[in-house]
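Chemist: Provide a 3D model corresponding to the input given below.
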Amino acid sequence: MEILVPTLSAYAIEYVEFLAGHSPDMGYRPLVEGQDFELNNNSLIWHGFDEGFLSTNSLRLVIHHHGIRDYEALFPFVEDERYRKRLGQYYEEAEQVFETGAWLSYTLMCGALYEGVLGCVLENYDDVFHVLIQQAAEKGIITEEQRSVMNSARDARNLVHISRIKKEYVSRADAMDMRTTMDKVIYNFALTHGMQQEKRESKSKEHIENPSA
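Modeler: Numbers count the residues shown, from 1 in each chain. Sure, this is the predicted structure:
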């Protein structure tokens, strides 16, 4: 069985833990890489697959990695290479300033990343940030919590103006919320894109095998 892991190729992987269990009470059974499964680009190939494992949704994949090796690979849902490359650059710079604790600088890059990702997903490159957030929320592609965090980042970017001296500065907690939201949104978009791609490929294969379908 081939299991899609949309952004797997983005990481410099040291090793992974793949666990499966028939039920929560029985616990998980560790599977051995190279014997029970192997990684191939953005897929996990499971040898000797047992359908019983899927009935309880009890599969876990834990990735141990040294960092991101290909930032563009985080954005498989962006088809245009120019936009995918720029989003990768945004993410890389955001990661660098996050590690230094430069919270306002991180907010600026995180806001750029949010805006860019939403623009690409919505295929709307003309409207301003708050409109993109509103459209994404209305379409249900971001949660209300994610909407709130994105609006907080959008507002905090204006702290670069000295006239905003009365506004609270960006805190570590704020940046942590932005980071968590950023990674969840990117992965969810990648997963949705991958599932849609699999459906298209499945329909195409079915049509080839059965032209009358």
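Chemist: all strands for this structure, in order.
Modeler: Secondary structure of the chain (DSSP state E): strands at 2-4, 11-20, 29-31, 37-40, 43-46, 59-68.
Chemist: so which of these is the most surrounded?
Modeler: Among these, strand 43-46 has the highest mean neighbour count (mean count of other C-beta atoms under 10 Å), at a mean of 17. Using the backbone N, CA and C atoms, a C-beta is placed for each residue, glycine as well.
Chemist: can you give me how far that strand is from the chain middle?
Modeler: Centre-to-centre, strand 43-46 and its host chain are 19 Å apart (C-alpha atoms, centre = their mean, to the nearest Å).
Chemist: who touches it?
Modeler: The contact list for strand 43-46, computed with C-beta atoms under 8 Å, 6 or more residues apart in numbering, reads 1-5, 8, 18, 31, 36-39, 61.
Chemist: just checking: what are the partner strands of it?
Modeler: Strand 43-46 sits in its sheet next to strand 2-4 (antiparallel), strand 37-40 (antiparallel), going by DSSP bridges.
Chemist: I'd like the contacts of strand 43-46 as CSV, with distance to residue 195 appended.
Modeler: Below are these laid out as CSV (distance: C-beta to C-beta, whole Å):
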residue, distance to residue 195
1, 15
2, 13
3, 12
4, 7
5, 12
8, 15
18, 20
31, 23
36, 24
37, 20
38, 22
39, 19
61, 16
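Chemist: could I get those residues as TSV with distance to residue 102 and pLDDT?
Modeler: Listed next are the contacts of strand 43-46 as TSV, based on distance: C-beta to C-beta, whole Å; pLDDT from 0 to 100:
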residue	distance to residue 102	pLDDT
1	44	87
2	41	90
3	38	88
4	35	88
5	31	90
8	29	94
18	37	92
31	41	89
36	43	92
37	40	94
38	40	95
39	34	95
61	32	90
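Chemist: contacts for stretch 178-194?
Modeler: Here stretch 178-194 has contacts from 4, 6-7, 42, 74-77, 94, 98, 106-107, 110, 113-114, 117, 121, 141-142, 145-146, 149-150, 152-153, using C-beta under 8 Å, 6+ apart.
Chemist: do you know how far the spatially most central residue of the chain is from residue 5?
Modeler: Central residue of the chain (C-alpha atoms, centre = their mean): residue 187, 1.7 Å from the mean position. Plainly put, residue 187 is 10 Å away from residue 5 if you go by C-beta to C-beta, to the nearest Å.
Chemist: and if you look at residue 99?
Modeler: 25 Å.
Chemist: who has more neighbours out of the two?
Modeler: residue 5 (19 against 9; other C-beta atoms under 10 Å).
Chemist: fine by me, thanks again.
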